[in-house]
Structure formats: C-alpha cells, structure tokens
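Student: Predicted structure and sequence below. I'll ask about it afterward.
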Amino acid sequence: MKYLASALPLLFLYSPSLVTATSSYADNAETAIKAMNDKWYNTTTGLWDGLWWNSANTLTAVINFALVDDSWKPTAQDLITNTYAKAPNHNPGVTSTTFLNNFYDDEGWWALALIAAYDLTGNNDYLDSAVTIFDDMTTGWTTPCNGGIWWSKDKQAVVSIANELFLSVAAHLANRVPDQKDAALSWARATWSWFSDIGVIAPNNTIHDGVDTTCKAHDDSPFFTYNQGVILGGLVELNKATGESSWIDEAHKLAAGALAHFANGDGNVLTEFGGVDEDNNLAQFKGIFVRNLAILEKASHKDAYTTVIKTSANSLWKNDQSGGVVGPHWQGPFVDVTAPSQSSGIDCLVAAAAVS
Ligand SMILES: *[C@@H]1O[C@H](CO)[C@@H](O)[C@H](O)[C@H]1NC(C)=O
Ligand SMILES: *[C@@H]1O[C@H](CO)[C@@H](O)[C@H](O)[C@H]1NC(C)=O
C-alpha cells in the first residue's frame, strides 16, 4: 500500500584463491536472510515485522535466493508454505482471509510473490492464487484516464506502481497459464499503451509516481526507484511471451533513465531520494528496483547494470551492515535499520549473486 500522495555456510571447502565474488555475494545474502528471519519473521502471522506488502517483497527476495542457490530451497519452501497458510489471516483492513484487499498494488506484490513461489516449487496452488488476484486487479480498470487501473478500490488516485504491477503480473501469467495467454497478453499490451502515453514517463526516462485527478503527470510528482524497477521485470516477461525485441529496447531506455537519476554521481551506488530514513515504504524501494534490474541484465546484458548491482552490494555490505543486518543508506552510515531496509539489502545481495 504505498503511494506517497505528495509526494549456510558453503557445503564444500575451497582454497581462498578460488573464492569468487559469486560465492561471497551468496554467502552475504544467506547471512542477511538468516538475520532477517531471526529478527523479524513471525511464524504465527507468516509476515516479517507484521508488514503486509513489504512481506510479499521479502518472500520474493528469499525465493529468488533459492533460485540462485539450491541449498536454500528447503528453507524457502518452508517459508512459502507457512506464509501462504498464515498471512491471509493478517491481511490489514479486511476481514476476508485471502490475499485480496483494498489496494491493487498490495495485490500485485502478492501475485508476483506467489508466481515466484510457483516458479520455485511447481505448486499450482500458488499460480491459481495469483490468477485470482489478477482477476481482481482487472476490476480496477475503470479510471477516467482512458485506461489504467486505480491505486485502490476507493478510486481516489491513479498511480504508476499499481499499473506497472498489473502489467507485470499479466505478462508473468501469459508465460505460465497457457489457456489464459491471449487474455493476459491483451491486458499487458493495453497497460503498456496507456502507461507509455499518459505522461508518467518523463523525457529523460524517469517515471513519475502517478497522475493527478485530471490524468496528468506534473513535474512535482516525485521519482522513486521502485517505479523504475517493476516495469523492467514486466517488459522482460512481455519479451518472453511475444518474442518481440522492442520490449527489451523499452526496458533499456527506462533502466538508463533510472541509473542516470539514482546511481549517478554517487559511485554507482543506488540512492533513494525523499526521506529513506523516515519511511518504511521508501526503504523497500531500492531492493525492488535492483531485483528487476538483475532480471533485465539476465535477459540482455549491459556492463552498466552489473556495475551498479555489484558496486551497491559491495558498498552496503561494507558501509551499511552489521551482523548481517542492513540499513537503508547503501553508502553508509549504518543507521535507521528497519525490516524493509533489510529486505531491500537482501534483494541487492541476491541480485549481485544472480548476475555474477
Ligand atoms: C507474532 O504475532 C502474533 C500475532 O500478532 C503476536 O501475538 C506475537 O506476539 C508475535 N510474536 C512475536 C515474537 O513477536
Ligand atoms: C529527469 O527529468 C525529471 C523531470 O523533468 C527531472 O526532475 C529529473 O531531475 C531528471 N533527471 C536527470 C538525471 O536529469
């Protein structure tokens, strides 16, 4: 629910000379995930620190690590099983015990987490739940802006993140649910047409947070890393679903805009602007971006991506970490730790392991 209105040790021995960057990123990710679970995972609720949409992102990060490091798979499966069973009972603001609530973006985060759970386990229950969530998200396509979905069922705001999530979930489903491929692809294409035309993408390829009540994006609509991230994963899935290279071209443009804005002038370390120390929500964003940048990197390599991913992972471990706990300022200092800052840090370490 975040839209800001105004804004194991290794199982084998090796000689030190053979220690690669890959293994250290993976080792660091594992250390950070263990710290995350010890400090914040509540087996009764299936959530980390009681947080809702953030927990969907944390689960996704842990699953992505298991997709990189097989030895982590049993632990990830246990977390998935428990969270899938318990979390819906703690869905905030609703009495239903499902992943549906008032916020289309919350729904999108859980749909992507459940699709990742399906990718790891092959368990169709998770995919079916993601389809149920997606079907609910389609009911948001009633804005006065000639398309797009609302941020929430209160129909007060039209924001970038909800629409990027809608596109990404649709494109992921197109690649996983054969009998719904055509319908899901239509939704994803319609969403891109709308999104790329409504004015949220600035000329320099940074993405505004949303549009106002007259369906226009204004210069004072802020820029956040996660808005540059979710779209990348969605476009890569669209490329897989269609074989059309244009989706990757679009993704490279948006990634370039993002790196110029959020990783420039700071030694290639990602920075969130706008109060990352004050807000649980903002602390989650960089991880979402870097996770999706790694997806684009795997689909279509650019040195700039691996540089930012690895430099950020190195910096946060050196300057913004203690005992496997990670803060929100990847350049340091190590202050303002929250469960979301930890979750974001894990995303970056997993991304670095994935692209190494
Ligand atoms: C886990 O969540 C339950 C339900 O909200 C709560 O009663 C319990 O105190 C929490 N446990 C810890 C260790 O925080
Ligand atoms: C990109 O354009 C936006 C909107 O005009 C501006 O606020 C932002 O500073 C620009 N970013 C860079 C890196 O030039």
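Tutor: Perfect, thanks for sending it. Numbers count the residues shown, from 1 in each chain. Ligands and ions are numbered 1, 2, ... in the order given.
Student: Can you name the residue of the stretch 151-300 of the chain nearest ligand 2?
Tutor: Closest approach between the stretch 151-300 of the chain and ligand 2, counting by CB to the nearest ligand atom: residue 204, at 3.7 Å. Yep, even glycine has a C-beta here, placed from its N, CA and C like the rest.
Student: Now do that residue, the pLDDT please.
Tutor: On the pLDDT scale, residue 204 is placed at 97.
Student: so it is in which element?
Tutor: Remark: residue 204 resides in no helix or strand, with elements defined by DSSP states H and E.
Student: so who does it touch?
Tutor: Listed by CB atoms under 8 Å, 6 or more residues apart in numbering, the contact set of residue 204 reads 257, 260-261.
Student: low-confidence ranges in the protein?
Tutor: Within the chain, the stretches with pLDDT under 70 are 1-23, 276, 278.
Student: please redo it, this time with the cut-off set to 80
Tutor: Residue ranges of the chain with pLDDT under 80: 1-23, 95-96, 265-266, 274-280.
Student: For it, which segments are assigned as strands?
Tutor: Under the criterion DSSP state E, strands of the chain are mapped to 41-42, 47-48, 158-159, 210-211, 321-322, 325-326.
Student: Just the contacts of residue 204: which are in helices?
Tutor: When DSSP state H is applied, the contacts of residue 204 are split such that 257, 260-261 fall in helices.
Student: Make JSON lines from the strands of the chain and add distance to residue 57 to it.
Tutor: Formatted as JSON lines, the strands of the chain follow (distance: least, CB to CB, whole Å):
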{"stretch": "strand 41-42", "distance to residue 57": "14"}
{"stretch": "strand 47-48", "distance to residue 57": "9"}
{"stretch": "strand 158-159", "distance to residue 57": "17"}
{"stretch": "strand 210-211", "distance to residue 57": "20"}
{"stretch": "strand 321-322", "distance to residue 57": "19"}
{"stretch": "strand 325-326", "distance to residue 57": "14"}
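Student: Any chance of CSV for the ones you listed, columns mean neighbour count and distance to residue 244?
Tutor: CSV is the format used below for the strands of the chain (neighbours: other CB atoms under 10 Å; distance: least, CB to CB, whole Å):
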stretch, mean neighbour count, distance to residue 244
strand 41-42, 18, 40
strand 47-48, 25, 37
strand 158-159, 26, 27
strand 210-211, 23, 27
strand 321-322, 16, 41
strand 325-326, 24, 38
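Student: Can you add distance to ligand 2 and give these back as CSV?
Tutor: Below are the strands of the chain laid out as CSV (distance: least, CB to the nearest ligand atom, whole Å):
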stretch, distance to ligand 2
strand 41-42, 37
strand 47-48, 33
strand 158-159, 17
strand 210-211, 14
strand 321-322, 28
strand 325-326, 26
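Student: Ok, which of those strands comes nearest ligand 1?
Tutor: Each of the strands of the chain has some distance to ligand 1 by CB to the nearest ligand atom; the shortest is strand 41-42, at 3.7 Å.
Student: still on that earlier bit, of all the strands of the chain, which lies closest to residue 242?
Tutor: strand 158-159 (26.1 Å; CB to CB).
Student: how far is that closest one from where the chain is centred?
Tutor: Put simply, strand 158-159 sits 18 Å off its chain's centre (CA atoms, centre = their mean, to the nearest Å).
Student: if we can go back for a sec, quick one: which of the ones in helices among the contacts of residue 204 is nearest to ligand 1?
Tutor: Ligand 1 lies nearest to residue 261 out of the ones in helices among the contacts of residue 204, by CB to the nearest ligand atom, at 37.9 Å.
Student: who are the neighbours in contact with residue 300?
Tutor: So residue 300 contacts 248, 251-252 (CB under 8 Å, 6+ apart).
Student: excluding its backbone neighbours, what's nearest the residue in the stretch 201-350 of the chain positioned nearest to ligand 1?
Tutor: The minimum distance from the stretch 201-350 of the chain to ligand 1, using CB to the nearest ligand atom, falls at residue 339 (11.9 Å). Nearest residue to residue 339, sequence neighbours excluded (CB to CB, 6 or more residues apart in numbering): residue 49, at 3.8 Å.
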